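A.B. asks: Have a look at this prediction, sequence included:
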Amino acid sequence: MSKIREINTKLNSKEISAVELTTIYLDNLEKTSSIIGSYISTTKKEALAKAKMVDAQIAKGEEIGLLAGVPMGIKDNISTTGIETTCGSKILAGYKPIYNATVVERLYAAGGIILGKCNMDEFAMGSSNENSAYGIVKNPWDLTRVPGGSSGGSAATVAAREVVFSLGSDTGGSIRQPAGFCGVVGMKPTYGRVSRYGLIAYASSLDQIGPMANSVEDCAIVHDIISGYDRLDSTSANMKATSTLAALTKDIKGLKIGIPKEYFQGDEKVLATIRKALAKYEELGAIVEETSLPNTEYALAAYYIIASAEASSNLARFDGVRYGARDGSKKDVTEMMSGTRDKFFGQEVKKRIMIGTYALSSGYYDAYYLKALKARTILKRDFDQAFAKYDVLITPIAPTLPFKLGENIKDSITMYLGDICTVTINLVGIPGITIPCGFADGLPVGMQILGKPFSEELLFNVAHSFEQNTNYNSFKPEVAINE
Amino acid sequence: MNKGYEAVIGLEVHVELKTKTKIFCSCTTEFGGSPNTHVCPVCLGLPGVLPVINEKVVEFGVRTGLALNAKVPNYSKFDRKNYYYPDLTKNFQTSQFDLPICEHGFLDIEVDGIVKRIGITRAHMEEDAGKLVHSGKTISSSYSSNVDYNRVGVPLLEIVSDPDLRSSEEAKEYVDSLRRILTYIDISDCKMEEGSIRADANVSVRKIGASEFGIRTETKNLNSLKALQKAIEYEIERQIEVLEDGGVIEQETRTWDDEQGITLAMRSKADAHDYRYFPEPDLPPIILSDEYIEEVRASLPELPESRKKRLIEADGLSDYDANLIIADRHLADYYDQVRKEISDGKLIVNYLMGDYYRELGEAGLSFVTSPVKPEAFIELLQLILDKTISGKIAKEIIPIMIKEVKSPKSIVEEKGLVQISDSSELEGMILEVISNNPKAVEDYRAGKGNSIGFLVGQVMKASKGKANPALVNELLKKHLC
Amino acid sequence: MSITKDNVLHVAGLARLDLSQEEVARYEVELNDVLEFMEKLNELDTQGVEPTTHVLDISNVFRQDIVEASSDVEEILANAPDREDDYFKVPSIL
């Protein structure tokens, strides 16, 4: 019982109560999350309280919504009132937000049951979930490998069936890459589609919250709940709400798929799996052609400059004055701030703060930051040209299979290079969805589908049609207990 | 004492805008309030929050730009100014860097009868910081400090002048003129004592005739016009002395110590001038249409300089009188309202600024808090003009108008200072006389016109001689026909 | 452009990071690696190209000037590392 519709039917028909369901999930989560490391904190009390409310609704004979009673995990950089929100960092140890992120408000209102706060790379900086101050996350398919990052906990918990869906955040691939590595569906919506209010910012112009689940349909259901205009987020797109769920027609005949050749470099096993998936699309009536995004090679540098620069400013507020940890040994406020920040930020975070500070500092702004913003314009043009010809673009989600824990952590550049397939999408603000498209060496391979801004309906349908004609999402890792 | 030097002064004036809410959140901007009660997640910069621009702040920025003869560009944006200080909640200040809300304006000031044009470099929107309360007597003797964030996020406009000022008097006059304009356009209370307007002064000196500027210092914390003048004078003298002794001026930030009457170098920070500005990613740009800008322009009130011109040219006031009237927007508006009914401007000024002003002062009131409405003032002047009362009697009436909030006419009547010319007051007596004298009434109606004389006499008797006979006659005829 | 130890210390000062000796040495190496990696951008011709700061083409997102309730002071101070009365308390400012 790990699909939203199935749960909804059983709750409505009183085959199971929300409390019973929640209890089963909580019990199993306790067993497997200790192996995988998927959670920073769990919220049994809140979960049961919310489940009781759903049961009360059912008892009154009210028709409950699709998400009512559905167990979920929330990435630990998304604010939850009264529930510790650490961003995977020691600097926020013990910090309990006094407000809910807009997405959390919407999920609560829909009856979603929060089981806990998912582990993540500290401040969402990382691609392997080895940068968390609260322990690494292991890939449920192979406990010696990384789950990807930074939403590693959110991806792993869905793959391990600990929850039905989770929320992640994606600044340079942080939803899509771990979804790919863990064999689940993950959606990064168009920048502005989902409110960022309450998402602890890494890079404000790139960050976007999105859903992760075991099926395209479940992802679409969650997407429809969390998306839409929010007056609290000035960068939120003020446009009519869409129903991606209603758009899942499975009809993709005549769909024009572009294959950007720059993204097809890397592990041949990965590429072969993607090519097989493309053949499936042709079989379903789509037209598949090779195309080019010629400036792709500049994306990683532009991304790391922009993301680090924004991060250096966004993370300035963590200074030990108003919330979070403080280095209490210092007698002067400046020393206290510097001591707190050095002591409680992890290495990768400090490094990016240093890079970003340098890139914005006097004399270097034009050479780094401004140059990167211009590169962003050029990259945008690449995509505009491609989308003039193609409805969607399909790429691998990463050049490799999930790598071994510890394999890349010592070498930032290698780690950064692994983000080649994902970062450009954030720089240009378009939506991207990852779906499992096969296995290689017993490990999941993820395929990324990209579309024009605000083409989520199309993307979900393209993903759904593939999923409905294959069976990759019917497999689950051995560690998983729930069906 | 200038030893052949001249001062070059530019001012950065921070003005707190008179909005109800803060610049990026809906917290109140009300002054005071117990510590940390006017804050919310947004102005506290809690992790995950986002700013949303208060539309009034933009409007006030545009108003100011137009009132200062500045260009209001169609495209403007916010930037982050990054620096660490515990009175900030995000360790950056959301401000404007290269594309402010307005640029290239000017302001005319008058010192010793000479009008001088002072350039306005720019004005930009930004957020205020919180307040630090130190445990010790001075910052440096404190073991700890307490922070109140109520002021964080209160909208500010920083107005930067060109280095066109040459003396502390000019600087004072500039701030005065600026304050006058800003209160006229109603964007700020400009109360120095509440910190709603404060200035930083950039001061340098150079040999008269030199074309290059000297090295400047920036003096902060100037919270009164007096402090501004004194600090500038102190800096000029200090710098001349340093140069005369063969020294060099350090480019530094100084602070004004009001108690000692000196400026002091603030602890120099190596990073003080690397603010790492970059465009605020959380706020989309501001794009103002020409139509919008013109709409705001059309809504501006008449500004002090133009009013002054009108008072002199159209109303025939002296320069001195005109300056008195325009000094305060409320007074100028009051004058204008009275002027609508009373064409003699000089008479208005004489009474406004003479007895009335003095009596207000004695009652502890001002033009703003005075209970005397323009209508009452008009009435007073009309009584004088139609010779109902003399100027001497007017002097008697004014304090009563203020203290008892009565109309001049009622005071005149109460005190028996004039005959009764109020028909409503006479009405009762007339009806009574008519009903008490049926014979005379009948005679009059029968055509004996002279019997009305008897009736008028009866009314005069009833009013103890104060009734206006002509009016009584007229009213009687009306009732009897 | 290559980063010296002094650059590292200067940047760490700007960023309020009280780095240990060992960290300074490490970041000197790592920052140089990363910046070298970023040099790639220099190959890109950006002549006449406008920078993109916002990917969405939106502007004039404003709020009306209407007061809403502020937060409760106890709630706010509950997360404070240190407080005195209703103030946030910090070590002395030198």
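C.D. replies: Thanks, I have the structure now.

A.B. asks: Quick check, A:Pro97 in contact with A:Ile78.
C.D. replies: No - using CB atoms under 8 Å, A:Pro97 is not in contact with A:Ile78, being 9.3 Å away. Every C-beta, even on glycine, is put in place using the N, C-alpha and C of the backbone.

A.B. asks: Distance check, A:Arg161 against A:Ser38.
C.D. replies: To A:Ser38, A:Arg161 is 11 Å away according to CB to CB, to the nearest Å.

A.B. asks: So which of these two has more stuff around it?
C.D. replies: Taking other CB atoms under 10 Å in any protein chain shown, A:Arg161 and A:Ser38 do not tie; A:Ser38 has more neighbours (33 against 23).

A.B. asks: wait, what's in contact with that one?
C.D. replies: By CB atoms under 8 Å, 6 or more residues apart in numbering or on different chains, the contact set of A:Ser38 is A:32, A:73, A:118-119, A:137, A:152-153, A:156-157, A:160, A:162.

A.B. asks: just the strands in the chain please.
C.D. replies: Since you didn't name a chain, this refers to chain A. With DSSP state E, the ranges of strands along chain A come out as A:39-42, A:71-75, A:113-118, A:165-169, A:185-188, A:209-213, A:256-260, A:287-291, A:392-396, A:432-440, A:443-451.

A.B. asks: not what I meant, chain C
C.D. replies: C:62-63, C:83-84, C:87-91.

A.B. asks: And these: which comes nearest chain A?
C.D. replies: strand C:87-91 (4.8 Å; CB to the nearest CB).

A.B. asks: ok, and what's touching the closest one?
C.D. replies: By CB under 8 Å, 6+ apart, strand C:87-91 touches A:321-322, A:330-333, A:335-336, B:35-36, B:86, B:133, B:143-149, C:77, C:80, C:82-83.

A.B. asks: follow-up on the earlier one: give the intersection of the neighbour lists for A:Pro97 and A:Ile78.
C.D. replies: Jointly contacting A:Pro97 and A:Ile78 under the rule CB under 8 Å, 6+ apart are A:85, A:198, B:48.

A.B. asks: Could I get the buried residue list for stretch A:427-438?
C.D. replies: A:427-438 (16 or more other CB atoms under 10 Å in any protein chain shown).

A.B. asks: my bad, stretch A:247-263
C.D. replies: Buried residues in stretch A:247-263, counted by 16+ other CB under 10 Å: A:247-248, A:252, A:255, A:257-260, A:262-263.

A.B. asks: Out of those residues, which comes closest to C:Val11?
C.D. replies: A:Glu262 (32.9 Å; CB to CB).

A.B. asks: Direction included, what does the one helix or strand B:Ile159 maps to pair against?
C.D. replies: Secondary structure assignment for B:Ile159, by DSSP states H and E: strand B:155-161. Paired strands of strand B:155-161, with direction, are strand B:5-16 (antiparallel), strand B:114-127 (antiparallel) (DSSP bridges).

A.B. asks: could you give the mean pLDDT of it?
C.D. replies: Mean pLDDT, strand B:155-161: 98.

A.B. asks: How about stretch A:226-237?
C.D. replies: In this model, stretch A:226-237 carries a mean pLDDT of 97.

A.B. asks: What distance do you get for the closest residue to B:Glu173 other than its chain neighbours to B:Glu12?
C.D. replies: Excluding the flanking residues, the one nearest B:Glu173 by CB to CB, 6 or more residues apart in numbering or on different chains is B:Ile109, at 4.4 Å. Distance of B:Ile109 to B:Glu12, given as CB to CB: 17 Å.

A.B. asks: quick one, which of the two is more surrounded?
C.D. replies: Taking other CB under 10 Å, B:Ile109 and B:Glu12 do not tie; B:Ile109 has more neighbours (22 against 17).

A.B. asks: So the more buried one sits against B:Arg179, correct?
C.D. replies: No - using CB under 8 Å, B:Ile109 is not in contact with B:Arg179; the gap is 11.8 Å.

A.B. asks: quick revisit: more crowded one of A:Pro97 and A:Ile78?
C.D. replies: Set A:Pro97 next to A:Ile78 and count neighbours by other CB under 10 Å: A:Ile78 wins out with 28 against 25.

A.B. asks: List the residues that contact the closest residue in space to that one that isn't next to it in sequence.
C.D. replies: Of all residues not flanking A:Ile78 in the chain, A:Ala101 sits nearest, at 4.8 Å (CB to CB, 6+ apart). Applying CB under 8 Å, 6+ apart, one finds that A:Ala101 lies in contact with A:78-80, A:195, A:197-199, A:209, B:48.

A.B. asks: Farthest-apart pair in the residues you listed, please.
C.D. replies: Counting by CB to CB, the most remote pair of the contacts of A:Ala101 is A:Thr80 and A:Ser195, 14.7 Å apart.

A.B. asks: Please identify the buried residues of the helix or strand of chain A with the lowest mean pLDDT?
C.D. replies: Ranked by mean pLDDT, DSSP states H and E, the weakest helix or strand in chain A is helix A:412-417, scoring a mean of 85. Across helix A:412-417, burial judged by 16+ other CB under 10 Å covers A:412, A:415-417.

A.B. asks: coming back round to it: could you single out the nearest of the contacts of A:Ser38 to chain B?
C.D. replies: Comparing these against chain B with CB to the nearest CB places A:Cys118 closest, at 15.8 Å.

A.B. asks: which other helices and strands contact the helix or strand harbouring B:Ser306?
C.D. replies: Assigned by DSSP H and E, B:Ser306 belongs to helix B:304-313. Judged by 3 or more CB pairs under 8 Å, 6 or more residues apart in numbering or on different chains; DSSP states H and E, helix B:304-313 is in contact with helix B:168-184, helix B:319-326, helix B:329-341.

A.B. asks: what is the mean pLDDT for that helix?
C.D. replies: 93.

A.B. asks: contacting residues around it?
C.D. replies: B:108, B:177, B:180-181, B:184, B:302, B:317-319, B:321-323, B:325-326, B:329, B:332, B:335, B:345.

A.B. asks: could you flag which of the residues you listed are buried?
C.D. replies: For the contacts of helix B:304-313, buried by 16+ other CB under 10 Å: B:177, B:180-181, B:184, B:317, B:321-322, B:325-326, B:329, B:332, B:335, B:345.

A.B. asks: Just send the residues you listed back as a markdown table, with pLDDT too.
C.D. replies: Supplementary listing: the buried ones among the contacts of helix B:304-313 in a markdown table, determined by pLDDT from 0 to 100:
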| residue | pLDDT |
| --- | --- |
| B:Ser177 | 94 |
| B:Arg180 | 93 |
| B:Ile181 | 95 |
| B:Tyr184 | 94 |
| B:Leu317 | 94 |
| B:Asp321 | 92 |
| B:Ala322 | 93 |
| B:Ile325 | 92 |
| B:Ile326 | 92 |
| B:Arg329 | 87 |
| B:Ala332 | 93 |
| B:Tyr335 | 94 |
| B:Gly345 | 91 |
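
A.B. asks: ok, so of those, who is nearest B:Tyr277?
C.D. replies: Of those, the one sitting nearest to B:Tyr277 (CB to CB) turns out to be B:Ile181, at 28.5 Å.

A.B. asks: I figured the closest one hits B:Leu107, correct?
C.D. replies: Yes - contact criterion CB under 8 Å: B:Ile181 and B:Leu107 qualify, at 7.2 Å.

A.B. asks: shared neighbours of the two, anything?
C.D. replies: In contact with both B:Ile181 and B:Leu107: B:Leu68, using CB under 8 Å, 6+ apart.

A.B. asks: If anything else comes up later, I'll come back, but that's it for now.
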